[in-house]
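*Asks:* This is a predicted model, with the sequence first.
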Amino acid sequence: MKSNITLIGMPGAGKSTIGIILAKYTGLGFIDTDVLIQTNRQKTLQQIMDESDYLNLRAIEEEEILQLDVENHVIATGGSVVYSEKSMAHLTGISKIVFLDVNFEEIKNRIHNFTTRGIAKSDSQSFEELFTERQLLYRKYAEIRIDCNELDQEQLAAQIAESFQPDRGDS
């Protein structure tokens, strides 16, 4: 039963904000996996990476996601969730995967704290290289792709709500 909606996309795509609005529109609960990690680890994402590295943050993210056992929720994931096949298999099993697709220029305009935001990437990788690499993965896992370049967050949440009616076991 897929009673959840999972939002994937780049940092700055609006997963958390749109997720909260979508949860209100649909009457579903809301989980932000980045906040879940920070709460359970008592550290920010950036602190986790500063103390170890981006691969450790991705491993922690996978661990937290594999423990998710929820129904009737909107799940906003970290942008790097798509690097874990196990996480994506789990999320695909419990939810519809919605890719919030935002072009690179818009993402650059939205994110001003690249160095402190806790973006899980290697030091040698540019943000544009990360963007290009992740686009392929987001498209691979997405069941629904939403173009987020023209509409505001309220409109996007409404569009997702209209295109998705949770399967509450009626089938």
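*Replies:* Everything's here; your move.

*Asks:* mind listing the strands for this protein?
*Replies:* 4-8, 29-32, 73-76, 95-101, 144-147 (DSSP state E).

*Asks:* Which strands border the last one, and is each parallel or antiparallel?
*Replies:* If I follow you right, that is strand 144-147. Here strand 144-147 is paired, per DSSP bridges, with strand 95-101 (parallel).

*Asks:* follow-up on the earlier one: can you list the strands of the chain in a markdown table and add mean neighbour count and mean pLDDT?
*Replies:* From N, CA and C alone the C-beta is placed, and that goes for glycine too. Shown next, in a markdown table, are those (neighbours: other Cβ atoms under 10 Å; pLDDT from 0 to 100):
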| stretch | mean neighbour count | mean pLDDT |
| --- | --- | --- |
| strand 4-8 | 26 | 97 |
| strand 29-32 | 18 | 98 |
| strand 73-76 | 28 | 98 |
| strand 95-101 | 23 | 97 |
| strand 144-147 | 16 | 95 |
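
*Asks:* Including distance to residue 109, could these go into a markdown table?
*Replies:* Shown next, in a markdown table, are these (distance: least, Cβ to Cβ, whole Å):
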| stretch | distance to residue 109 |
| --- | --- |
| strand 4-8 | 20 |
| strand 29-32 | 22 |
| strand 73-76 | 20 |
| strand 95-101 | 15 |
| strand 144-147 | 16 |
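
*Asks:* how about these, which one is nearest residue 163?
*Replies:* Of all these, strand 144-147 sits nearest to residue 163, with 6.1 Å by Cβ to Cβ.

*Asks:* what distance separates the closest one from the centre of its chain?
*Replies:* 13 Å (Cα atoms, centre = their mean, to the nearest Å).

*Asks:* now swap in stretch 127-138 and tell me
*Replies:* Distance of stretch 127-138 from the chain centroid (Cα atoms, centre = their mean) equals 14 Å.

*Asks:* can you start the count at 334 instead of 1 from here on
*Replies:* Yes, from this point I'll number from 334; that puts the last item at stretch 460-471.
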